[in-house]
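Asks: missing the sequence, but the structure's below:
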């Protein structure tokens, strides 16, 4: 019996395009992000989704609600999918973080698994809570298709974990806004079936943003 998990990154926000660290700041989708969520929902319309779980932050909830509307489902809020707490970096543009936390930012870019953000989390904490949520939903929805709507950091960490990779591989994974990554679990193993699929966003004719 195969259980399928679809990991969804939320749609675009203004802070994605402006390269501002988001974390636990509750910013909404921008106009493009709302369109992305609608196209994603339409793309998943014919999948037999059993449940949709979402980070409690609005950018994720708006994305999840678009999907849920097409399936007549209620979004289940999952704190384990909440974005990484970026602490003192939250709400700061990348350029300001570079000026104020230059050495730590360089370590974040080169060795992210070694970084504990000032007044924030590290990747190990994110991995622990996100995996706990995955284990819960896997047990509850065995043999079904489950959608988890979350954030760049959370989904990257989960992808590494389900592939048996440690957090040092964080930057080896690219994940665009509204990108979907699908795992199938069978015979005790997670198999990556699709990664960072954004084919449904072609009508928007967007250029790819940097991984931010």
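Replies: That came in fine, so what should we check first? Bear in mind the structure is a predicted one, so any value in this text is a computation, not a measurement.

Asks: quick check: longest helix in the chain by residues?
Replies: For the chain, the helix that runs over the most residues, judged by DSSP state H, is helix 123-140.

Asks: got the buried residues for it?
Replies: Buried residues in helix 123-140, defined by neighbour count with 16 or more other CB atoms under 10 Å: 123, 126-127, 129-130, 133-134, 137. Glycine gets a C-beta too; all of them are placed from N, C-alpha and C.

Asks: and what of stretch 160-177?
Replies: Neighbour counts using 16+ other CB under 10 Å place 160-162, 167, 169-170, 173, 175-177 of stretch 160-177 among the buried residues.

Asks: could you do stretch 188-198 as well?
Replies: In stretch 188-198, counting by 16+ other CB under 10 Å, buried: 190, 195-198.

Asks: likewise stretch 7-14?
Replies: 7-13.

Asks: now the most centrally placed residue in the chain. Its backbone dihedrals?
Replies: Centroid-nearest residue in the chain: residue 151, 2.8 Å away (criterion: CA atoms, centre = their mean). Backbone torsions of residue 151, given as degrees, to the nearest 10, read phi -130, psi 170.

Asks: who's in contact with it?
Replies: For residue 151, the contacting residues are 9-10, 22, 55, 57, 59-60, 81-84, by CB atoms under 8 Å, 6 or more residues apart in numbering.

Asks: pLDDT, distance to residue 45 and secondary structure added to the buried residues of stretch 7-14, as CSV?
Replies: Shown next, in CSV, are the buried residues of stretch 7-14 (pLDDT from 0 to 100; distance: CB to CB, whole Å; DSSP: H, G, I helix; E, B strand; the rest coil):
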residue, pLDDT, distance to residue 45, secondary structure
7, 98, 18, strand
8, 98, 14, strand
9, 98, 19, strand
10, 98, 19, coil
11, 97, 17, coil
12, 97, 21, coil
13, 97, 24, coil
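
Asks: what is the nearest of those residues to residue 109?
Replies: Residue 109 lies nearest to residue 9 out of the buried residues of stretch 7-14, by CB to CB, at 19.6 Å.

Asks: what residues does that closest one make contact with?
Replies: With contacts taken as CB under 8 Å, 6+ apart, residue 9 has the following neighbours: 149-152, 155, 175-180.

Asks: again, only using 10 Å
Replies: 36, 40, 59-60, 63, 149-156, 175-181, 196, 198 (CB atoms under 10 Å, 6 or more residues apart in numbering).

Asks: likewise residue 30?
Replies: 11-17, 36, 59, 177.

Asks: just flag the most distant two among those residues.
Replies: So, these by CB to CB: farthest apart are 15 and 36, at 14.9 Å.

Asks: which one of the two is surrounded by more residues?
Replies: residue 36 (27 against 17; other CB atoms under 10 Å).
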